[in-house]
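*Asks:* coordinates only, no sequence provided:
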């Protein structure tokens, strides 16, 4: 496997700046939220990233922010964190309950079909 540069982003702005810097230097980059699919893609040559930007170190990507008008849930939050988050009450309590028992969700019919984890473009997206 080729040598890679790993950047541990501290914020979303930091991750975007790292991506811009890599692109300006002509390097391919990829955002990593966990990395197992991404590392395999690099090994098999389907992703040409030179720079990996780690998003697991971005605290805001794992945050839950509740306001009177909206609720924002970071795309990298774990089910365990979601299930125990105190801000998710009232109408959101069902989400907290589902996160605490994800196997119960398998008994429900699929609303949107299967979600594919490989993005194809080599870039992972998050909220």
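*Replies:* Received it, and whenever you're ready, just let me know what you need. Here the structure is a predicted model, which is why all the values come from computation and not from measurement.
*Asks:* where does this protein have its least confident helix or strand?
*Replies:* In the chain, the helix or strand scored least confidently by mean pLDDT, DSSP states H and E is helix 102-105, which has a mean of 66.
*Asks:* neighbouring contacts of the longest helix along the chain?
*Replies:* Longest among the helix segments of the chain by residue count, using DSSP state H, is helix 12-24. The contact list for helix 12-24 (Cβ atoms under 8 Å, 6 or more residues apart in numbering) reads 5, 7, 9, 28-29, 31, 50-51, 53, 55, 58, 60-61. Yep, even glycine has a C-beta here, placed from its N, CA and C like the rest.
*Asks:* can you check stretch 72-90 too?
*Replies:* Against stretch 72-90 from outside (Cβ under 8 Å, 6+ apart): 33, 55-56, 58, 60-66, 71, 95-97, 99-100, 102, 125-127.
*Asks:* what about those, which are in helices?
*Replies:* Within these, residues falling in helices by DSSP H are 95, 96, 97, 99, 100, 102.
*Asks:* run through this protein and note the low-pLDDT ranges.
*Replies:* Along the chain, segments meeting pLDDT under 70 span 1, 35-36, 104-127.
*Asks:* which stretches of it form strands?
*Replies:* When assigned using DSSP state E, the strands of the chain occupy the ranges 5-8, 29-32, 51-54, 64-66, 71-73.
*Asks:* just the ones you listed: most buried one?
*Replies:* Of those, the one with the most neighbours on average (mean count of other Cβ atoms under 10 Å) is strand 29-32, at a mean of 23.
*Asks:* do you know how far the nearest residue to residue 38 once chain neighbours are set aside is from residue 23?
*Replies:* Leaving out its chain neighbours, the residue that sits closest to residue 38 by Cβ to Cβ, 6 or more residues apart in numbering is residue 32, at 5.2 Å. Going from residue 32 to residue 23 by Cβ to Cβ, to the nearest Å gives 16 Å.
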